[in-house]
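Q: Need the 3D shape of this:
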Amino acid sequence: MKRLQLLLAATIAACAATAFAQGYPNKPIRIIAPFPPGGSADLTARIIADHLTKSLGQPAVVENVPGAGGSIAAERVVKSPPDGYTLIVGSTGIMAVNASLFAKLPYDIVKDFTPISVVIRVPSYLVVHPKVPVNSVVELIEYARRNPGKLTYASAGNGTSQHTNPELFKSMAKVSILPIPYRGSAPCMAALVAGEVDMMIELGPTAIPQIKAGRIRALGASTAERTRAMPEIPTIAEAGLPGFDAYTWFAIAGPGGMPRDVVAKLHAEIVNAVAPPEVRARLEAIGAEVVANSPDEFAEFQAKEIAKWARVIKDSGIKPE
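A: Okay, the predicted model is just below:
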């Protein structure tokens, strides 16, 4: 009898979930972007929101909630009902780096989120000021080894990609390069162009215009494959540091425990949102590349990213400010 009751309860729950998904959405959807307007996360949110509004018949609105490395936005999402009406643009930091960077978070970085799709990745570029006497990754590594602690790189703050990517580079190349902290990506690039620092590993949207203008020299792209935005630039891996692969990614996720049918519906809509050539062109114009993977692929990828950045943070001794 007890087994029959459990089976009946499971059947009722499954039917209820299906009925819920069929009626979803019946009210506005909120997409929280953990960064200020204008960046890659904000653009990702607005492309998805615009498509959902047109496709699902309910308004999807973007709410920018910056601060604390994305933790404020993340906590707001994980405390929301897991019904598909509150989503977040997760990032490398929020959904991978922060797990090791902070000793204690007000949420579990895996259990408290439902993965839906990694939407885009944004490659970075290893760039140096023209005064640095190197023209390749190999030459940079050799120069750094001959001059330990002499070179400096611009960091946008602990845990940012401008900090973790160079630390990964240092760890793999076994070199000493000193971080110089700045408040954000733009001040970092301004410092590099001015020659205040020697190098940095910067996201495409900020680096590419300066590379094309000849103000800085690009030595390598951070991804395993050459980028679509600048295919003439070799990867860091092929140019002298085999195995290097790092980039910033932005994903759509929801609170933990979302119904599978709702997740499947949202995933299908996200794939459709970034499928049109004009959307891909818009993203590629800022140096972003479309991923749009499945929820299972997202979860597997996240686990690998958490492990990778945990090693980097442990090896480099990065601490939150």
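Q: how is this structure carved up into domains?
A: Domain assignment for the chain by automatic domain parsing gives 2-122+247-316, 123-221.
Q: So which of those domains is nearest L241?
A: Nearest to L241 among the domains of the chain is domain 123-221 (5.7 Å), distances taken as C-beta to C-beta. Backbone N, C-alpha and C define where each C-beta goes, glycine included.
Q: ok, which stretches of the protein are helices?
A: Per DSSP state H, the chain carries helices over the ranges 2-22, 40-56, 71-78, 92, 98-101, 137-146, 161-173, 185-194, 204-212, 260-273, 277-284, 295-316.
Q: Can you name every helix or strand that the longest one contacts?
A: To tie it back to what came earlier, the one meant is helix 295-316. With contacts taken as 3 or more C-beta pairs under 8 Å, 6 or more residues apart in numbering; DSSP states H and E, helix 295-316 sits against helix 98-101, strand 113-128, helix 161-173, strand 247-255, helix 260-273.
Q: Could you rerun that using 7 Å?
A: In terms of contacts (3 or more C-beta pairs under 7 Å, 6 or more residues apart in numbering; DSSP states H and E), helix 295-316 is packed against helix 98-101, strand 113-128, helix 161-173.
Q: among the helices of the chain, which is the most enclosed?
A: helix 92 (a mean of 26; mean count of other C-beta atoms under 10 Å).
Q: can you list contacts of that one?
A: With C-beta atoms under 7 Å, 6 or more residues apart in numbering as the contact definition, helix 92 has outside contacts at 161, 248-249, 305.
Q: Check the residues you listed and tell me the two furthest apart.
A: The most widely separated members of the contacts of helix 92, counting by C-beta to C-beta, are S161 and E305 (11.9 Å).
Q: got the contact list for the residue lying closest to T235 once chain neighbours are set aside?
A: Excluding the flanking residues, the one nearest T235 by C-beta to C-beta, 6 or more residues apart in numbering is A221, at 5.0 Å. Neighbouring residues of A221 by C-beta under 7 Å, 6+ apart: 123, 125, 227, 230, 233, 235-236.
Q: Which one of those residues is nearest to K174?
A: Among the contacts of A221, I236 lies closest to K174 (C-beta to C-beta), at 14.7 Å.
Q: Backbone dihedrals for that closest one, please?
A: phi -60, psi -40 (degrees, to the nearest 10).
Q: What about it, how many residues nearby?
A: I236 has 30 neighbouring residues, counting by other C-beta atoms under 10 Å.
Q: Repeat that for G214.
A: 8.
Q: just to revisit the earlier point, top of the contacts of A221 by neighbour count?
A: I236 (30 neighbours).
Q: Find the residue closest to V127 in space, skipping its chain neighbours.
A: Spatial nearest neighbour of V127, excluding adjacent residues (C-beta to C-beta, 6+ apart): I216 at 4.5 Å.
Q: residues contacting the residue positioned nearest the centre of the chain?
A: Central residue of the chain (C-alpha atoms, centre = their mean): W249, 2.6 Å from the mean position. When the contact criterion is C-beta under 7 Å, 6+ apart, the partners of W249 are 91-92, 118, 120-121.
Q: how about 10 Å then?
A: Neighbouring residues of W249 by C-beta atoms under 10 Å, 6 or more residues apart in numbering: 40, 44, 90-92, 95-96, 118-122, 161, 288-289, 291, 293, 298, 301-302, 305.
Q: swap in G157?
A: Contacts for G157 (C-beta under 10 Å, 6+ apart) come out as 69, 163, 179, 181-185, 188, 320-321.
Q: which phi and psi does it have?
A: Torsion angles, degrees, to the nearest 10, at G157: phi 120, psi 150.
Q: coming back round to it: do you know which of the helices and strands packed on helix 295-316 lies nearest G23?
A: The closest of those to G23 is strand 113-128. By C-beta to C-beta, the value is 18.8 Å.
Q: Provide the strand pairings for that closest one, with the direction of each partner.
A: Applying DSSP bridges to the sheet, strand 113-128 is found paired with strand 199-203 (antiparallel), strand 217-221 (antiparallel), strand 247-255 (antiparallel), strand 289-290 (antiparallel).
Q: re the thing from before, by pLDDT, rank the contacts of helix 92 and give me the bottom one.
A: Ranked by pLDDT, the contacts of helix 92 bottom out at S161 (90).
Q: which residue packs closest to that residue, ignoring adjacent ones?
A: T248 (4.8 Å).
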